[in-house]
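Undergrad: Sequence and predicted structure below; questions after.
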Amino acid sequence: MNHLPALIGLRYRLIWAQARSRSGKLALFGVGALFAVLAAVVLGLGGYGVAAVAIRMHRVEFITRSVFGAVFVLAIVAAATLGLGVSAAFSDATLRRYPLTRRGRFLVRHLAGLLDPLWILVLVLDLGVAAGLAALGVTTWTLAVPVAVLLALSNYTAACVLVDLMDRLARSPTGRLALFALGLALLGVSPVAPRHGPGGRGAPGTAFPVLWFTPPAAAAAAVAGTTPGRSLVGGLYLAGWFACLLAVLLVLERRPIRSRTVPEAVATWNDASDRVAALFGPSLGPLLAKMIRYYTRSQHVRWNYPVTLPGLATVTLMAARASGRTEDPMAVFFALLGGIAALGFCANGALSLNVFGFDGAGFRRYFMLPAPPRLALLAAGLVALAPAASLVPVVILAWLALAPIPTDARMLAMLLSSALAGLFLYQSLGLWASVLAPRPIPFAGRWGNRLSLPAGLVLMTGVCAFLGLPYAGVAFGAGLMRAWWLLPLAALAGAAVFALTVRAGGAVLNARREQMLAVIESKA
């Protein structure tokens, strides 16, 4: 363990080097957005204020559970999506160069991980709330501090186990199917969880009793329980959670991930992609066929595309319910009117934001073809439009089949126009991000936060649009009904922006080809 200070110092130098890169800046921006509001509440009030508010509202355990749960979930989301706090800075093979035992290597890896800034922030937030409760006499210092530390350790261990399991499942078709089913299940329960979860407006815990036994709920019961017996049970549950998660982590690390070899494939020259692309002529056809293969073989589109419709239905119902007008069919229509504009983002995700960054050294071939470079940009844009465009009639037919009110031609025109306006605008932004800020990214595997900063900002804008536009539709839908003709105009404007993007972007692509070659080929 004498090498631990040197290894931790090296890890922080690596973290600082990563933070100065583009992907590191994007990761810091994402984590800052996740934790800004929560940290402002807990740290701004010093933990003491949160506890005082909880006591004043006579809901000490519920508010403590909510704050602990928010910190717990946000930390796991940051770890799973951005790879923060759980990425292995030192692999087991690397640490074998040091005179460390197997147990020592395990301790060094995870002690270095626990000292990551993300988990230090989590510990500070948990300690702030627990210390506030102790200062107000709700609990004792001897109980508050150990519970907060144990909750932070459980949070780190849970994130490590989750990320490890996701990596293992993503390596097999059955595992990817299981992850897909889990995602659909989460989308299905998210609209009703606030009502039937602990502290919801429905019967507490009747639908989701497991929420009462999560680590945040156990920690809240330990430090804010109404009786000593409840505090003891909460502490035992939390200790049991940590012991189980640590045991699972030990078992997983003793079973290394098996590498999967890809057998040699036979090249085909007249498959479905070539036959479809051949309809567009000899100049555009080969470029379209290449782009179609990107989208049909991308694991990210295979994940995004199937969950688009369930996700749209979920956020639409959530927006209608939040407005307090669930029984009003027009509220559901207005929410769908806003949500359908995000289909372009939902179907493609990040693939449309870096269409040339996956080519590597093959990027130079675009300028050797007997065709202008703008055709490559046109092919990328047309193929990117197809996945979301194919979902628009499905959404409209589903509304016609399930809508409890008659739907006139004006409402159909509004839905179609909203979908096309959002589709053209998002794909135009994706083409500009691909030309102005490409990144060399391997096509296979997880991309994580390796997109460029402009592409990452477009991606976050798409996420915000997907979550926020249904609420905006409910708020402004009545006004749009009176001026419904604005939406067809917005669709025409989006199509014009897309056409101008292809024309102007082709010229920019030709002018910036040397800079793009230098960036894209840097890791080829």
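TA: Now that the structure is in, tell me what you want to look at.
Undergrad: what pLDDT, on average, does stretch 114-121 get?
TA: The predicted model assigns stretch 114-121 a mean pLDDT of 78.
Undergrad: Buried residues of that stretch, list them for me.
TA: 114, 116, 118-119, 121 (16 or more other CB atoms under 10 Å). Just so you know, the C-beta spots here come from the backbone N, C-alpha and C atoms, and that holds for glycine as well.
Undergrad: Return the distance of it from the chain's centre.
TA: Chain-centre distance of stretch 114-121: 21 Å, with CA atoms, centre = their mean, to the nearest Å.
Undergrad: same check, this time on stretch 236-252
TA: 26 Å.
Undergrad: again, but for stretch 120-127
TA: 23 Å.
Undergrad: Convert stretch 505-512 to PDB, retaining C-alpha atoms only.
TA: Extracted in PDB, the C-alpha atoms of stretch 505-512 (Å, rounded to 0.1, in the frame of the first residue of the first chain):
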ATOM      1  CA  GLY A 505     -22.400  22.500 -46.200                       C
ATOM      2  CA  GLY A 506     -21.000  20.900 -49.300                       C
ATOM      3  CA  ALA A 507     -18.900  23.900 -50.100                       C
ATOM      4  CA  VAL A 508     -17.700  24.000 -46.500                       C
ATOM      5  CA  LEU A 509     -16.900  20.300 -46.600                       C
ATOM      6  CA  ASN A 510     -14.800  20.900 -49.700                       C
ATOM      7  CA  ALA A 511     -13.000  23.900 -48.200                       C
ATOM      8  CA  ARG A 512     -12.300  22.200 -44.800                       C
END
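Undergrad: what's next to that stretch, contact-wise?
TA: 367, 372-378, 431-432, 435-436, 516 (CB atoms under 8 Å, 6 or more residues apart in numbering).
Undergrad: G69 against P216, yeah?
TA: Yes - using CB atoms under 8 Å, G69 makes contact with P216 at a distance of 4.0 Å.
Undergrad: Show me whatever sits in contact with both of the two.
TA: Here G69 and P216 have no joint contacts, going by CB under 8 Å, 6+ apart.
Undergrad: out of these two, which sits in the more crowded spot?
TA: Neighbour comparison, G69 and P216: the larger count goes to P216, with 25 against 20 (by other CB atoms under 10 Å).
Undergrad: What's the first helix or strand after the host helix or strand of that one?
TA: In this structure, P216 sits in helix 215-224 according to DSSP states H and E. Using DSSP H and E, the helix or strand that follows helix 215-224 towards the C-terminus is helix 228-254.
Undergrad: packing partners for the next helix-or-strand element following that following helix?
TA: Where DSSP H and E defines the elements, the next helix or strand beyond helix 228-254 is helix 272-277. Helix 272-277 sits against helix 281-297, with contacts defined as 3 or more CB pairs under 8 Å, 6 or more residues apart in numbering; DSSP states H and E.
Undergrad: Let me know the secondary structure of V77.
TA: Of the three states, V77 takes helix according to DSSP: H, G, I helix; E, B strand; the rest coil.
Undergrad: for R450, same thing?
TA: coil.
Undergrad: count of neighbours near it?
TA: R450, neighbours per other CB under 10 Å, totals 21.
Undergrad: Kindly report the same for T226.
TA: By other CB under 10 Å, the residues close to T226 number 10.
Undergrad: go on, P393?
TA: P393 has 11 neighbours, counted by other CB under 10 Å.
Undergrad: so V458 touches S428, yeah?
TA: No - using CB under 8 Å, V458 is not in contact with S428, being 10.1 Å away.
Undergrad: which residues of the stretch 251-400 of the chain score low on pLDDT?
TA: Low-confidence segments of the stretch 251-400 of the chain, defined by pLDDT under 70: 256-269, 323-328.
Undergrad: follow-up on the earlier one: among the buried residues of stretch 114-121, which are in helices?
TA: Among the buried residues of stretch 114-121, the members falling in helices (DSSP state H) are 114, 118-119, 121.
Undergrad: Now name the helix or strand holding the residue nearest to A219 when sequence neighbours are not counted.
TA: Leaving aside its chain neighbours, A219 sits nearest to L151 (4.3 Å; criterion: CB to CB, 6 or more residues apart in numbering). Element membership for L151 (DSSP H and E) is helix 141-169.
Undergrad: And for M516?
TA: Assigned by DSSP H and E, M516 belongs to helix 513-520.
Undergrad: which other residues reach the helix holding P216?
TA: By CB under 8 Å, 6+ apart, the surrounding residues in contact with helix 215-224 are 54, 60-62, 64-65, 68-69, 71-72, 126, 130, 133-134, 138-139, 143-144, 147-148, 150-151, 154-155, 158, 198, 211, 230-235, 237-238, 241-242.
Undergrad: Show the buried residues in the residues you listed.
TA: By 16+ other CB under 10 Å, the contacts of helix 215-224 give 54, 60-62, 64-65, 68-69, 71-72, 126, 130, 133-134, 138-139, 143-144, 147-148, 150-151, 154-155, 158, 198, 211, 231, 234-235, 237-238, 241-242 as buried.
Undergrad: what number of residues lie near the residue lying closest to L238 once chain neighbours are set aside?
TA: Spatial nearest neighbour of L238, excluding adjacent residues (CB to CB, 6+ apart): A218 at 4.1 Å. A218 has 26 neighbours, counted by other CB under 10 Å.
Undergrad: wait, what's in contact with I340?
TA: Applying CB under 8 Å, 6+ apart, the residues contacting I340 are 312, 392, 395, 415, 418-419, 422.
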